[in-house]
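*Asks:* Return atomic coordinates for the entry below.
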Amino acid sequence: MSPRPAVLFGGISPEHDVSIITGLLAAQALAGAGHDVEAIYWSKRGDFYAVDPGLNPDAFVQGVPAGATELQFHVGAGFTTKGGGFGRKARQLEADVVVNCCHGGPGEDGTLQGLLDLAGLRYTGPSVAGASLGMDKLAFAAVCTSAGLPHLPTVAVDPNDPGAAPFDGPYIVKPRFGGSSIGIETFASWDDVSAFVRMPNPNLRRGIVVEPFRDGAQDIEIAIRRHPELQLSALSKPEKGGAIFDYRNKYVPGEGMTSSNRETPAQLPANIASVARDAARAVAHLAVVRGLARLDFLLIGDELFVNEINTIPGSLTKHLWVDPQIPFPTLLGDMIAEAMAGPGAAYSTEGADGSILRSSASIASKLG
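*Replies:* Numbering: from 1, shown residues only. Okay, the predicted model is just below:
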């Protein structure tokens, strides 16, 4: 009997709306492949709801759709319906695995992954460690550089003391923790960067990084998966429509990343394609890739640089698997199989038998 998936989408993130599209795409593809699917909507307020997986995105324009059932989350148990009057009893949501379609924010930075681990739920996509690394631009850049992969200089900036320019401009300023080009700005001079980072900005409150900005750089993408074996998708060259490939270029056309303009497979020199594929294979292991990830590069002249990894990418990279050609339901099914095959999180209090507490002196004596 195949595992019963619960597709989780939405979340407390600027990418909330895009996550709804990805989640509904996944839920309806799984249902079409014969799976008995639950759909869980994570509202902007942070509440969870069971919803009809057959809904269209416009049902969520005003928030929680009609007919939704509020859920509760319990450590050690996972999602249950709410109990209440008139004899209503709480019921555990019947799901063997959570298909995580939450882009950005706590859905992609390790927070949700940790919560699901505490509940003993298996889930697709990155682990806590992989999600945390993928969301931290400074740490990911350092890992790539230490492994000898080409990456542009990436430095952290203190908004209270930006200091001197770390390299020649122009500059691109990014949130250290964030994705999908939200909150990214470019500046010609370091004085402009310093003035910008000193201003209050919700996108930058958790950290700021700066890299050299190279006008005319071409974005290149590739999807990665490691189950049932390490595989790479076709390379793709998205159309930026501006100086940077920003959030609007990626998602506003309609069906998540699927409808953005791109050349797939990208027509690239053989040596550039080879460097990209070698780097992607290395990153698959360095970044502990699980599920379907997308690795982004910058092509500057005849030099290719690793840029960022997106561990829960828009449309779950379905648009990139044209060579090899892998249907979306197969990609989803393999993600679920990977989640079910893993060891799962297990925590234990073995050894905490009270002996240390019994032999310990009073707290007052330890305070000096």
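*Asks:* What is the end-to-end distance of stretch 357-364?
*Replies:* 14 Å (C-alpha to C-alpha, to the nearest Å).
*Asks:* Now for this protein, the helix or strand with the poorest mean pLDDT.
*Replies:* Of all helical and strand segments in the chain, the minimum by mean pLDDT, DSSP states H and E falls on helix 247-251, at a mean of 54.
*Asks:* what pLDDT does the closest residue to residue 119 other than its chain neighbours get?
*Replies:* With sequence-adjacent residues excluded and distances taken as C-beta to C-beta, 6 or more residues apart in numbering, residue 119 is closest to residue 78, at 4.3 Å. To be clear about C-beta, it is placed using only N, CA and C from the backbone, and glycine gets the same treatment. Per-residue pLDDT puts residue 78 at 91.
*Asks:* Go ahead and confirm residue 78 touches residue 122.
*Replies:* No: taking contacts as C-beta atoms under 8 Å, residue 78 lies outside contact range of residue 122: 10.3 Å.
*Asks:* overlap in contacts of the two?
*Replies:* Residues touching both residue 78 and residue 122 (C-beta atoms under 8 Å, 6 or more residues apart in numbering) are residue 116.
*Asks:* Grab the nearest non-local neighbour of residue 194.
*Replies:* residue 162 (4.1 Å).
*Asks:* same thing with residue 68?
*Replies:* Nearest non-adjacent residue to residue 68 (C-beta to C-beta, 6+ apart): residue 49, at 4.0 Å.
*Asks:* Just the CA atoms of the strand or helix carrying that neighbour, as CSV, please.
*Replies:* Counting by DSSP states H and E, the element that carries residue 49 is strand 48-51. Taking C-alpha atoms only, strand 48-51 is exported to CSV below (Å, rounded to 0.1, in the frame of the first residue of the first chain):
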residue,chain,number,x,y,z
PHE,A,48,-3.0,25.1,10.1
TYR,A,49,-6.2,24.0,8.2
ALA,A,50,-7.2,20.9,6.3
VAL,A,51,-8.5,22.0,2.9
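*Asks:* Check which helices and strands it is in contact with.
*Replies:* Under the contact definition 3 or more C-beta pairs under 8 Å, 6 or more residues apart in numbering; DSSP states H and E, strand 48-51 sits against strand 38-42, strand 69-74, strand 78-81.
*Asks:* nearest spatial neighbour of residue 23, skipping sequence neighbours?
*Replies:* Nearest-residue entry for residue 23: residue 9, 2.4 Å, with adjacent residues in sequence omitted and distances by C-beta to C-beta, 6+ apart.
*Asks:* roughly how far apart are that neighbour and residue 174?
*Replies:* 25 Å (C-beta to C-beta, to the nearest Å).
*Asks:* Those two: who's more crowded?
*Replies:* Ranked by neighbour count (other C-beta atoms under 10 Å), residue 9 and residue 174 place residue 9 first, with 27 against 23.
*Asks:* just checking, what packs against the strand or helix carrying the more buried one?
*Replies:* Residue 9 belongs to strand 5-10 when assigned by DSSP H and E. Here strand 5-10 touches helix 16-32, strand 38-42, strand 97-100, going by 3+ C-beta pairs under 8 Å, 6+ apart.
*Asks:* From the rest of the structure, what touches it?
*Replies:* Applying C-beta under 8 Å, 6+ apart, the external contacts of strand 5-10 come out as 16, 19-20, 22-24, 26-27, 30, 35, 37-44, 53, 60, 79, 93, 95-102, 107, 112, 332, 336.
*Asks:* a strand runs through residue 13, doesn't it?
*Replies:* No: applying DSSP: H, G, I helix; E, B strand; the rest coil, one finds residue 13 to be coil, outside a strand.
*Asks:* Who are the contact partners of it?
*Replies:* 19, 102-108.
*Asks:* Quick check on those: which are buried?
*Replies:* When the contacts of residue 13 are checked for burial by 16 or more other C-beta atoms under 10 Å, the buried set is 19, 102-108.
*Asks:* can you list these in JSON lines and add distance to residue 328, pLDDT and secondary structure?
*Replies:* Formatted as JSON lines, the buried ones among the contacts of residue 13 follow (distance: C-beta to C-beta, whole Å; pLDDT from 0 to 100; DSSP: H, G, I helix; E, B strand; the rest coil):
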{"residue": "19", "distance to residue 328": "17", "pLDDT": "97", "secondary structure": "helix"}
{"residue": "102", "distance to residue 328": "18", "pLDDT": "98", "secondary structure": "coil"}
{"residue": "103", "distance to residue 328": "17", "pLDDT": "97", "secondary structure": "coil"}
{"residue": "104", "distance to residue 328": "21", "pLDDT": "94", "secondary structure": "coil"}
{"residue": "105", "distance to residue 328": "24", "pLDDT": "94", "secondary structure": "helix"}
{"residue": "106", "distance to residue 328": "26", "pLDDT": "96", "secondary structure": "helix"}
{"residue": "107", "distance to residue 328": "20", "pLDDT": "97", "secondary structure": "helix"}
{"residue": "108", "distance to residue 328": "20", "pLDDT": "97", "secondary structure": "helix"}
